[in-house]
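>>> Sequence plus predicted model, see below.
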Amino acid sequence: MLTPLRNSTYRHLFAAQIISLLGTGLTTVALALLAYDLAGDKAGIVLGAALAIKMIAYVSIAPIVGGLAASLPRKKLLVILDIIRAGFVLCLPFVEEIWQIYLIIFLMQSCSAGFTPMLQATILDIIPDESTYTKALSLSRLAYDLESLVSPMLAATALLFMSFNVLFAFNALAFLISALIVVTALLPKRKIAQEVRIVSAWEKITFGVRAYLATPILRGLLSLSMAVSAAGSIVIVNTVVIVRSGFGLGEQEVALAWAVYGGGSMLVALTLPKLLQHLPDRPLMLAGAALLAAGLLAGSFVSTFFWLLPVWFLLGSATSLINTPSGRLLRRSSAEEDRPAYFAAQFSLSHACWLLTYPLAGWLGVTLGITETFYVFSAIVSMSFVTALYLWPHQEQIALMHIHQNINPDHPHLNDAEVVQGGYQHKHDYVIDHHHRTWP
């Protein structure tokens, strides 16, 4: 499990990821409490809208950065984005109006939309071996789970002694420490495509999304991302309402519920590398979606805080079954030089799912009630499961026979091709790139 940490560059990036996520987790707790202070029982609507704005930033900014990543200075950009995020989060303690929350969240998360996919794609450059990369994915999943597990615990402890506004300052400090660690990392040079046929900025920006949606296995992954966002939105948006208004409990119990959700995710992330040595990604990830649907249905029957915790634990575990292996699918579905664009596309499209489910979770929770919201979201996850089952081919083919028509006959890519009617035919591991625009 710890094999990737033998790589010094990965150690630096992993440490930066952990520290920035711990800080972000503190802000998640503090933001929920700030929304409750400003809006009371309607905090779910405010928090859902704030998180929807976060997703708008992710969906709109990530493809732009991903498409232009090949021409951007990677290390400098990561450091600058960390510093800017620190500045924006320091503004949150001074918020007095709800619209101010929305503005700051958009600006801060626009920076995150550039930072996160670039960091994820960089890890693939550092660790090309699939077995070691799988372990790195699990470690990365654990880092995200720290945001759900350790951050709420730290927040619950801090809230015993100080106002939740101080948590924003801790997040700013975490971003600055992350920037310092990235400065000390020695990043490898990126592989540049030998021939770039895309010339316009628009084509560069949209290439990752178009290539992603043209790949069958990634269309299945997108359906599973919808399942993850539906379950996660219930937890993130409505936990504070369920615990405080529904059960009449305090801030510490809100943090504890989130910690249990993260604990389930962390447990699965620890065990997945061993499971993935014996089982393919598809059945494990589909099982995760089925468990999410079952967990949300069980949530509709919860009437006490005691029974909420195992449901949250199940949802966290199922979420990790889907999220942890997703990087393996992106790795197998992309050429090395195109991976930043693919990771940015996954980041953008998966967060487009959150853009739909965040405000829906808050609005339905207020208008229909929490129990009915569980029913609706269980149905959404079930439909996502069926869609993924259909879109993701049961028998995955990697090497595919195909024909090239509009390519120079002297191009090195055609060295092993034979002339056939309509062009040049050959077979190799197939991914969508600048020479292969559609799936055979």
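Okay, I see it. Numbers count the residues shown, from 1 in each chain.
>>> Then V386 would be within a strand, right?
No - according to DSSP: H, G, I helix; E, B strand; the rest coil, V386 belongs to no strand; its state is helix.
>>> surely L267 meets S317?
Yes - counting by CB atoms under 8 Å, S317 is a contact partner of L267 at 6.4 Å. In this view, the C-beta of every residue, glycine as well, is placed from N, C-alpha and C.
>>> For those two, work out which one has more neighbours and name it.
S317 (22 against 17; other CB atoms under 10 Å).
>>> Could you tell me which residues make contact with the more buried one?
G264, S265, L267, V268, L291 (CB atoms under 8 Å, 6 or more residues apart in numbering).
>>> Highest neighbour count among those residues?
Neighbour max across the contacts of S317 (other CB under 10 Å) = S265, 27 neighbours.
>>> Quick one, grab the pLDDT at that residue.
Here, the pLDDT recorded for S265 equals 85.
>>> Please apply the same query to I126.
For I126, pLDDT reads 81.
>>> tally of neighbours for it?
Neighbours of I126 (other CB under 10 Å): 20.
>>> Reformat the contacts of S317 into JSON lines and put secondary structure next to each item.
Listed next are the contacts of S317 as JSON lines, based on three-state DSSP:
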{"residue": "G264", "secondary structure": "helix"}
{"residue": "S265", "secondary structure": "helix"}
{"residue": "L267", "secondary structure": "helix"}
{"residue": "V268", "secondary structure": "helix"}
{"residue": "L291", "secondary structure": "helix"}
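>>> What strand or helix carries the residue most central in space within the chain?
Geometric centre of the chain, nearest residue: F347, 5.8 Å, by CA atoms, centre = their mean. Using DSSP states H and E, F347 sits in helix 339-367.
>>> in that helix, what counts as buried?
339-366 (16 or more other CB atoms under 10 Å).
>>> Could you verify my assumption that I403 touches E418?
No - with contacts counted by CB under 8 Å, I403 stays clear of E418, the gap being 10.1 Å.
>>> Residues that sit against both of the two, list them.
Contacts common to I403 and E418, judged by CB under 8 Å, 6+ apart, are Y424, Q425.
>>> Between the two, which has more neighbouring residues?
For I403 versus E418, the count of surrounding residues by other CB under 10 Å is larger for I403: 13 against 8.
>>> a helix runs through that one, doesn't it?
No - assignment of I403 by three-state DSSP gives strand, placing it outside any helix.
>>> State the distance from it to P440.
8 Å (CB to CB, to the nearest Å).
>>> How about Y390?
Y390 is 19 Å from P440, by CB to CB.
>>> do V241 as well
V241 is 49 Å from P440, by CB to CB.
>>> thinking again about what came up before, closest to F306 out of the contacts of S317?
G264 (16.0 Å; CB to CB).
>>> List the contacts of the closest one.
Under the criterion of CB under 8 Å, 6+ apart, the neighbours of G264 are W312, F313, L314, L315, G316, S317, A318, T319, S320.
>>> quick check: angle from the longest helix along the chain to helix 339-367?
Counting by DSSP state H, the longest helix found in the chain is helix 8-39. Relative orientation of helix 8-39 versus helix 339-367 (axes from the mean of the first three to the mean of the last three CA atoms, to 10 degrees): 20 degrees.
>>> tally of neighbours for the residue nearest to R331 when sequence neighbours are not counted?
Leaving aside its sequence neighbours, R331 sits nearest to L124 (CB to CB, 6 or more residues apart in numbering; 6.2 Å). For L124, the neighbour count with other CB under 10 Å is 20.
>>> what sits against L124?
Taking CB under 8 Å, 6+ apart, we find L124 in contact with Y133, G327, R331, E336, R339.
>>> sec struct for it, please.
L124 ends up helix, using three-state DSSP.
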